[in-house]
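In: This is the structure alone, sequence omitted:
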């Protein structure tokens with residue numbers, strides 16, 4: 001094809017690969033240009049863990065020491081969950097305040113796919129920061145875990161995908177009502193209840209977000225159970241929970257976006 005023919009056809013349309021690359025690049029730029037904020041998040045997370053560990057050891061003594069491995073795994077999953085949940089709602093709130101939300105809505109990809117990729121990009125960043133937090137927790141408590149990288153990452157990703165679905169639902173509420181951060185932040189503390197839910201003793205709790213995945217992650221990191229050693233039912237339930245909550249949250253976010261546009265409140269603040 002000649003140069004004239006290429007010019008006549010116009011520039012090639014960007015695909016989802018280009019969108020994903022741009023979103024990941026943006027997330028990296030925000031991390032590099034504002035490192036104090038990223039480091040501050042790690043310090044705050046470690047501070048609360050230090051209060052939990054040292055304060056709890058003073059009160060509970062040996063009882064806390066005997067269960068410290070489970071506490072570390074649960075706290076690690078909690079940091080991942082908070083990052084996945086807040087990636088959508090907090091980002092939308094920031095875009096509304098910056099006045100750049102309409103640019104996302106006007107993209108040829110649609111607002112929901114852009115929000116999805118931005119949420120996944122923040123999950124990648126959260127994995128990196130949570131890995132640092134996990135390493136420091138293991139160091140200060142002098143604890144060793146069974147860290148099978150493939151198994152831990154696979155289970156953790158599927159577990160927090162359900163929380164990403166909750167983040168989409170929270171993002172939809174943010175689009176409609178804007179200033180609801182105090183209410184949405186309450187759910188982050190509810191993650192502690194879901195992570196510690198006795199899903200093995202009470203089977204119906206396994207269908208809740210985080211509950212079943214938390215149990216599998218505990219078995220993987222404490223007992224060294226590999227991914228292929230879990231039963232097909234356990235893995236199937238984990239996958240169904242991830243897809244179900246993520247799909248429901250995504251659909252709710254699309255509905256909230258359309259309703260906000262009909263009401264004319266999409267970019268208002």
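Out: Perfect, I can see it now. A quick note: this is a predicted structure, and the numbers were derived from the prediction, not measured.
In: And residue 115, how far from residue 158?
Out: 20 Å (Cβ to Cβ, to the nearest Å). In short, each C-beta sits where N, CA and C put it, glycine included.
In: Same check on residue 151?
Out: Residue 151 is 11 Å from residue 158, by Cβ to Cβ.
In: before we move on, back to that, mind checking which of residue 115 and residue 158 has more residues around it?
Out: Between residue 115 and residue 158, residue 115 has the larger neighbour count (other Cβ atoms under 10 Å), namely 26 against 21.
In: Tell me the helices and strands packed up against the strand or helix carrying residue 87.
Out: Element membership for residue 87 (DSSP states H and E) is helix 68-98. Under the contact criterion of 3 or more Cβ pairs under 8 Å, 6 or more residues apart in numbering; DSSP states H and E, helix 68-98 touches helix 101-105, helix 111-141, helix 149-177, helix 181-195, helix 211-222.
In: Point out the other helices and strands that the third one packs with.
Out: What it means is helix 149-177. Short answer (3+ Cβ pairs under 8 Å, 6+ apart): helix 149-177 packs on helix 68-98, helix 111-141, helix 181-195, helix 211-222, helix 232-263.
In: any idea which of these is most buried?
Out: Of all the helices and strands packed on helix 149-177, helix 211-222 carries the top mean neighbour count, a mean of 23, counting by mean count of other Cβ atoms under 10 Å.
In: what angle sits between that one and helix 111-141?
Out: When axes from the mean of the first three to the mean of the last three Cα atoms, to 10 degrees is applied, the directions of helix 211-222 and helix 111-141 differ by 40 degrees.
In: now helix 211-222, how far from the chain's geometric center?
Out: Computed by Cα atoms, centre = their mean, to the nearest Å, the chain-centroid distance of helix 211-222 equals 17 Å.
In: Assign residue 109 to helix, strand or coil.
Out: Per DSSP: H, G, I helix; E, B strand; the rest coil, the local secondary structure of residue 109 is coil.
In: So it versus residue 89, what's the distance?
Out: 20 Å.
In: How about residue 240?
Out: Residue 240 is 24 Å from residue 89, by Cβ to Cβ.
In: Tell me, how many residues neighbour the nearest residue to residue 146 once chain neighbours are set aside?
Out: Leaving aside its sequence neighbours, residue 146 sits nearest to residue 224 (Cβ to Cβ, 6 or more residues apart in numbering; 3.6 Å). By other Cβ under 10 Å, 13 other residues sit near residue 224.
In: Run a quick check on residue 224 versus residue 152, I expect a contact.
Out: No. Applying Cβ atoms under 8 Å, one finds residue 224 not in contact with residue 152, separated by 10.7 Å.
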